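S.K.: Okay, here's the prediction I keep looking at, along with the sequence it came from:
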Amino acid sequence: MTSASLKLSATGRRGLIELGRAVHKLLRGRQVVELHAMGVVDAADEVLVLVVTRQGALVRSSKVHGRALDARELRLQLAGVDAAIDEVARTRLAAAGPQLSSAEAAMLDEAGFVEGPVNVPSALECSRIELEVMIRNSLTIADAAKVLRVTTSRIRQRLSSKHPTLYGIKEGRGWRIPRFQFESKTKLVRGLDVVMPHVRRGAHPVAVRDWFTTPHQDLVVGGDDERVTPRAWLSAGQSADVVAELATEI
């Protein structure tokens, strides 16, 4: 795990110490991370989101640029973390964690992590959050051109032609290019130029991503009839025409 130093005020250091105690209490008897505060600096316009796992911790910093913090907006941002975790879970086998004891649940309640409708985003909000997470993790035209070693005009041409050969999400005057189309850091999934012209232009971006990354009943390989995702099918060099025909269902 990559280590990092957090510069916090005196109050922030005390809060981190309390957080560390809570984490150790919740994960009692398991491998946990050590949380330390280093240095002192005030950042009134900054929000830190800390995700703790058994293997380590991730910290994300967001600037609010002088805006008043809205509790509902913060809950939606935290729900975005849930959406990101769900995305990871879709690609890995995750063992279910143990249930919280009544004492642990009570401690979370006291800390303000209370279950109930007030903390649960609606289906429409969840969809928006998932789209925001997807866009945030996508590439700009300049990024895509750099990793694919082509010109930005070539990327724009593929995105905006009558029959697009690359999938993009329009964002203002620019584009965002979802990462599910990349087989590696410098290579697109083979056959995309054949499949993408068949994807309905008005399809929701999350639906497009999920279709490409979910096992399809008509894409079967091997003697045990294993169902694979359209993305895996294409990456394995199987017929792109087969996936192109199925893509009309998105």
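M.R.: Thanks, I have the structure now. Numbering: from 1, shown residues only.
S.K.: So which residues of the chain form helices?
M.R.: 10-26, 71-91, 102-110, 123-136, 141-148, 152-160, 192-195, 205-212, 230-235, 240-246 (DSSP state H).
S.K.: for the fifth one, packing partners?
M.R.: Packing partners of helix 141-148 (3 or more C-beta pairs under 8 Å, 6 or more residues apart in numbering; DSSP states H and E): helix 152-160. Any C-beta I mention is one placed from the backbone N, CA and C, and that applies to glycine too.
S.K.: Contacts for the helix it packs on next, please.
M.R.: Defining contact as C-beta atoms under 8 Å, 6 or more residues apart in numbering, one finds that helix 152-160 is touched by 141-142, 144-145, 148, 164-168, 175, 177, 193.
S.K.: what's the model's confidence in that helix, averaged?
M.R.: Average pLDDT, helix 152-160: 95.
S.K.: Residue 221 pairs with what?
M.R.: Using DSSP bridges, the beta-bridge partners of residue 221 come out as residue 226.
S.K.: I'd assumed residue 235 was in contact with it.
M.R.: No. Applying C-beta atoms under 8 Å, one finds residue 221 not in contact with residue 235, separated by 11.7 Å.
S.K.: Could you check which of those two is surrounded by more residues?
M.R.: Applying other C-beta atoms under 10 Å to residue 221 and residue 235 shows that residue 235 carries more neighbours, namely 16 against 13.
S.K.: And that one, how close does it get to residue 143?
M.R.: Using C-beta to C-beta, to the nearest Å, one obtains 21 Å as the distance from residue 235 to residue 143.
S.K.: before we move on, what about residue 181?
M.R.: 13 Å.
S.K.: So between those two, which is more surrounded?
M.R.: A direct count of neighbours by other C-beta under 10 Å for residue 181 and residue 143 places residue 181 higher, at 22 against 14.
S.K.: OK, contacts around that one?
M.R.: By C-beta under 8 Å, 6+ apart, the residues touching residue 181 are 166-167, 188-189, 192, 212.
S.K.: change it to 10 Å
M.R.: Neighbouring residues of residue 181 by C-beta atoms under 10 Å, 6 or more residues apart in numbering: 138-139, 144, 166-168, 188-189, 192, 195-196, 208-209, 212, 231, 234.
S.K.: closest to residue 247 among those?
M.R.: Closest approach between the contacts of residue 181 and residue 247, by C-beta to C-beta: residue 195, at 5.3 Å.
S.K.: My read is that that closest one contacts residue 241, right?
M.R.: Yes. The criterion here is C-beta atoms under 10 Å, and residue 195 meets it with residue 241 at 8.8 Å.
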